[in-house]
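>>> pasting a predicted model and its sequence here:
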Amino acid sequence: MGGARTEGDNLAITLSCDEIKEDAMILYEGKEIRYSTFKGKFPDWHFESDNLFKLKAKSKNVTIWNLVGK
């Protein structure tokens with residue numbers, strides 16, 4: 001997700017875009033910003049997804065982080 005990270009533990013965000021709350025705080029380029037502000041920086045991105053895409057992306061993210069996160 002373009003280098004966005006979670007507040008506090010500084011981990012890469014692995015949630016799908018529509019799972020993140022608008023007022024959630026994330027780290028982007030070393031700065032803490034609201035997710036709604038992050039979305040506003042990328043007006044050409046599509047932040048909603050269908051169920052099949054969500055399932056495939058979630059599976060891929062979990063697999064990657066189980067390998068890389070060790």
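In hand now; what should we look at? A quick note: this is a predicted structure, and the numbers were derived from the prediction, not measured.
>>> okay, now the unreliable bits of this structure?
1-8, 13-14, 49-55, 57-58, 61, 69-70 (pLDDT under 70).
>>> can you give me the helices for the protein?
35-40, 51-68 (DSSP state H).
>>> which residues are contacting the shortest one?
Yep, that's helix 35-40 we're talking about. 4, 17, 20, 21, 22, 23, 24, 25, 26, 28, 45, 47 (Cβ atoms under 8 Å, 6 or more residues apart in numbering). Placement of C-beta: from N, CA and C, glycine included.
>>> now that helix: buried residues?
35, 38 (16 or more other Cβ atoms under 10 Å).
>>> return the alpha-carbon coordinates of it using CSV.
C-alpha atoms of helix 35-40 as CSV (Å, rounded to 0.1, in the frame of the first residue of the first chain):
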residue,chain,number,x,y,z
TYR,A,35,-6.3,7.1,6.5
SER,A,36,-8.8,9.5,4.8
THR,A,37,-5.9,11.9,4.2
PHE,A,38,-3.8,9.1,2.7
LYS,A,39,-6.6,8.3,0.3
GLY,A,40,-6.9,11.9,-0.7
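>>> quick one: residue 22 and residue 47 touch, right?
No - judged on Cβ atoms under 8 Å, residue 22 makes no contact with residue 47 at a distance of 10.4 Å.
>>> on that earlier part again, any idea which of the contacts of helix 35-40 is closest to residue 64?
Here the nearest of the contacts of helix 35-40 to residue 64, counting by Cβ to Cβ, is residue 4; it sits at 15.5 Å.
>>> so what's residue 22 closest to, chain neighbours aside?
residue 36 (4.4 Å; Cβ to Cβ, 6 or more residues apart in numbering).
>>> my bad, should have said residue 35
residue 24 (4.5 Å).
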